[in-house]
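Enquirer: One predicted model, sequence on top.
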Amino acid sequence: MIVYQPFIGRPFLYGVRDCYALVRDIYEASFGLKLTNYARPTNWRADTVDLINSLYAHDGFQMVVDWTAKDLRPGDILCMAVGERAANHMAVYVGDNKVAHHLWGRLASEDPYRDFFRSTTCFVLRHPDVPDLRPVLPVTDIRSLLRERYDAIRPAD
């Protein structure tokens, strides 16, 4: 289970309570993983210093190749380019097509993963120590369902 609700609504403070701090807090609360608290340079522009892309492997994250929205797992990190060409924002996929994130100057929030977020996602990161938390759906054989239904309404011989 992803623990993120306690962090929703907190105010933004760059380098202290920002999108990466939210990722760190969720990872520690949900998985017991302590991610490095990297210094964020003042007036940071991802177009000049690609911090996210250059540092993700240091904490054991791996880039998910050829991902689609339907393949996302709770705990995946969505790296987005908001107003820039390179990734400068991070969100945690929490399941049910929702993300937890903290945009500059706003309160941390949970939002549906659609439109703006999908169009700005550059790449997805996954940590090998995070279990696959997607729900396991039962396998249903349509023939068995039909047989059960029609056997129940078939008149007795």
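Expert: Nice, I can see it. Numbering: from 1, shown residues only.

Enquirer: how close does Trp104 sit to Met63?
Expert: Distance, Trp104 to Met63, by CB to CB, to the nearest Å: 24 Å. Backbone N, C-alpha and C define where each C-beta goes, glycine included.

Enquirer: what does Lys98 give?
Expert: Between Lys98 and Met63 the distance, using CB to CB, works out to 22 Å.

Enquirer: Ok, Cys79 next?
Expert: Taken as CB to CB, the span from Cys79 to Met63 is 9 Å.

Enquirer: and what of Met80?
Expert: If you measure Met80 against Met63 using CB to CB, the figure is 14 Å.

Enquirer: out of the two, which sits in the busier spot?
Expert: Taking other CB atoms under 10 Å, Met80 and Met63 do not tie; Met80 has more neighbours (25 against 14).

Enquirer: Report the beta-bridge partner residues of the more buried one.
Expert: In this structure, Met80 bridges to His89, Thr121 when assessed by DSSP bridges.

Enquirer: Name the helix or strand of this structure that has the lowest mean pLDDT.
Expert: Every helix and strand in the chain was compared by mean pLDDT, DSSP states H and E; the lowest is helix 142-153, with a mean of 74.

Enquirer: Give me the distance from that one to the chain's centre.
Expert: The chain centre lies 40 Å from the centre of helix 142-153; the measure is CA atoms, centre = their mean, to the nearest Å.

Enquirer: Check whether the residue nearest the centre of the chain sits in a helix, strand or coil.
Expert: The centroid of the chain falls nearest to Tyr93 when counting by CA atoms, centre = their mean (2.0 Å). Remark: Tyr93 carries the secondary structure label strand [criterion: DSSP: H, G, I helix; E, B strand; the rest coil].

Enquirer: So it versus Arg10, what's the distance?
Expert: In this structure, Tyr93 and Arg10 are 19 Å apart, going by CB to CB.

Enquirer: One more: Val92?
Expert: As defined by CB to CB, Val92 lies at a distance of 14 Å from Arg10.

Enquirer: The two: which is more packed in?
Expert: For Val92 versus Arg10, the count of surrounding residues by other CB under 10 Å is larger for Val92: 25 against 15.
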